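Visitor: give me coordinates for this.
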Amino acid sequence: MLVVENLEVVYEDVILVLKGVSIEVPEGSIVALLGANGAGKTTVLRAITGLLDIHRGAITKGTITLDGQPIHGLDATSIVRAGVGQVMEGRRIFTEFSVEENLRVGGHLVARNLVAERLEGIFELFPVLAERRKQVAGYLSGGEQQMLAIGRALMAQPRLLILDEPSLGLAPLIVQRIRDLIVQINQQGTSVLLVEQNANMALSIADHGYILETGKVVMDKPAAVLREDEDVREFYLGLREEGAGSMRDVKHYKRRKRWLS
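Guide: Numbering: from 1, shown residues only. From the prediction side, this is the model:
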């Protein structure tokens, strides 16, 4: 469905943020894009969804296609019309609007006669939002705001949903709820590109994973394989085998250095 090939992004003609990034999101899949802060994950998403234009001096090279049709160079509205929705990091809801008003904003490209139907679909998926449909969004809990942000993106019925750090700042029980919702949305036919620092959560539901380090893809494997990789388990999942000695530390250091070179 989505193919990103040899993507390079330069800010202010000086800072090379992405160095030939290539990723694919097959139709019906969940794909995880992992990496530490500053690795370039959000820049990849901005390039896909047409939001790099708001960053002055951003220059891109490479191609981005959706169903074989190029979408790089299109404005953000055209990309939404093509079937791509995004939930940005930090939720970015309209805190002074009601829950329903936020959702209606997400449906601004939807034919008026379909908006009510779309709203009911969102309320069915997120019953807590139905209960709070007239409540000011700024008074929702963090988890409820994240659900609202996802629901707002789903109002346009995207075929590809891009999620940027959906578990950020949420309690473990709420993270589990968000995880289950992502799976449910995917099972209903929406492909998902998931950017997460919570690698354990992301790899537990993804079909495939990419690991980004300093602007380039350093690992590209099925999620099940990444979960068992020694370096991924230590660097990203926080798991370290007992009895790991100095020779193993040297090996990991050398591989890490090779990734970053």
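
Visitor: which non-adjacent residue is nearest residue 217?
Guide: Using Cβ to Cβ, 6 or more residues apart in numbering and skipping the chain neighbours, the partner closest in space to residue 217 is residue 210 (5.3 Å). (Each C-beta comes from the backbone N, C-alpha and C, glycine too.)

Visitor: phi, psi of that neighbour?
Guide: When read as degrees, to the nearest 10, the backbone of residue 210 gives phi -120, psi 140.

Visitor: in the stretch 101-250 of the chain, which spans are strands?
Guide: Taking DSSP state E, counting those that start in this stretch as the criterion, the stretch 101-250 of the chain carries its strands at 160-164, 191-196, 208-213, 216-222.

Visitor: just send the ones you listed back as CSV, with mean neighbour count and mean pLDDT too.
Guide: Formatted as CSV, the strands of the stretch 101-250 of the chain follow (neighbours: other Cβ atoms under 10 Å; pLDDT from 0 to 100):
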stretch, mean neighbour count, mean pLDDT
strand 160-164, 24, 96
strand 191-196, 25, 95
strand 208-213, 24, 95
strand 216-222, 17, 94
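
Visitor: about what we covered before: contacting residues for the residue nearest to residue 217?
Guide: Going by Cβ atoms under 8 Å, 6 or more residues apart in numbering, residue 210 touches 23, 31-34, 217, 219-220.

Visitor: closest to residue 65 among those residues?
Guide: Distance to residue 65 across these (Cβ to Cβ) is lowest for residue 23, with 11.9 Å.

Visitor: tell me the SS of the closest one?
Guide: Assigned state for residue 23: strand (three-state reduction, DSSP: H, G, I helix; E, B strand; the rest coil).

Visitor: what is the burial count for it?
Guide: 21 (other Cβ atoms under 10 Å).

Visitor: now do residue 111
Guide: Residue 111: 9 neighbours (other Cβ under 10 Å).

Visitor: how far away is it from residue 208?
Guide: For residue 111, the distance to residue 208 (Cβ to Cβ, to the nearest Å) stands at 35 Å.

Visitor: ditto for residue 15
Guide: Computed as Cβ to Cβ, the residue 15 to residue 208 distance reads 29 Å.

Visitor: and if you look at residue 167?
Guide: Using Cβ to Cβ, we find residue 167 at a distance of 19 Å from residue 208.

Visitor: then residue 214?
Guide: Separation of residue 214 from residue 208 (Cβ to Cβ): 21 Å.

Visitor: geometric centre of the chain: which residue is closest?
Guide: residue 163 (2.8 Å; Cα atoms, centre = their mean).
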